[in-house]
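A.B. asks: Model the following, please.
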Amino acid sequence: MAPKVSQEHLEQRRADILAAAKKVFSRQGYTITTMKDIMEEAKVSRGGLYQYFSSKEDLYEALLNEEVSDTSLKLEDEESYWDLLLTYLFGEDRVPDNQMDPLAPSNLEFFITGRNDERRRKFGQQRYASGITLYANIFEAGQKSGEFSDRYDSETLARSLIAHIDGLALDHAILPASDLKLKEQSEMLVEFLKLALKID
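C.D. replies: Predicted coordinates for the structure are as follows:
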């Protein structure tokens, strides 16, 4: 009789596979990465990998879902919606830098190569809608509190912000590192947001 494996062990093994997959996708991109590459990086058997993920697409969607799983905001508890916005944009230090999500080029590849695939297009639309909701909720809460100007609609602000982020991701995916100006462009974005929201 095979020994029972705890739920905690199964969840840890799944997390380890996702961490290994993120390394491979960051290094190689989405298209050329194979499930075999991920098996080797995660040091699992074929059966061990397919126990958790039925395909490369299924695995990549799980990675993307992990990124947006913590978007339930307790907006009423925030002292500063501006600080919250900067945290979502730049991390805990809230300061623009030259770092980009290492999966950004693979994310673009995933969605662009799958633009004619109904499942992937629907997944992309849902992900986009989640991003809009996240940022629009922050803008709206800041407007209701009086911290932000209500001159611009919160959804329009969110869409503009995401378009800027996606543009930076595209730059990161196709330009040589010496041509990138991620920090400078992000600093300019912050200044534009301050003007739009009337933040001192």
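A.B. asks: and the spatially most central residue of the chain, what pLDDT?
C.D. replies: Note on the chain: the residue nearest the mean C-alpha position is residue 67, at 4.9 Å, using Cα atoms, centre = their mean. In this model, residue 67 is scored at 71, pLDDT.
A.B. asks: Which helix or which strand is home to it?
C.D. replies: If you go by DSSP states H and E, residue 67 is part of helix 56-68.
A.B. asks: elements contacting whatever helix or strand comes next after that helix?
C.D. replies: Next in sequence after helix 56-68, counting helices and strands by DSSP H and E, comes helix 81-90. Identification of packing neighbours for helix 81-90 by 3 or more Cβ pairs under 8 Å, 6 or more residues apart in numbering; DSSP states H and E yields helix 118-145, helix 182-197. In short, each C-beta sits where N, CA and C put it, glycine included.
A.B. asks: hang on, residue 21 packs against residue 42?
C.D. replies: Yes. Using Cβ atoms under 8 Å, residue 21 makes contact with residue 42 at a distance of 7.1 Å.
A.B. asks: neighbour-wise, which of those two wins?
C.D. replies: Shown here are residue 21 and residue 42; by other Cβ atoms under 10 Å, residue 21 has more neighbours (25 against 20).
A.B. asks: residues contacting the residue lying closest to the more buried one once chain neighbours are set aside?
C.D. replies: Distances taken as Cβ to Cβ, 6 or more residues apart in numbering place residue 38 nearest to residue 21, at 4.8 Å, with adjacent residues excluded. Residues in contact with residue 38 (Cβ atoms under 8 Å, 6 or more residues apart in numbering) are 17, 20-21, 24, 49, 56, 59.
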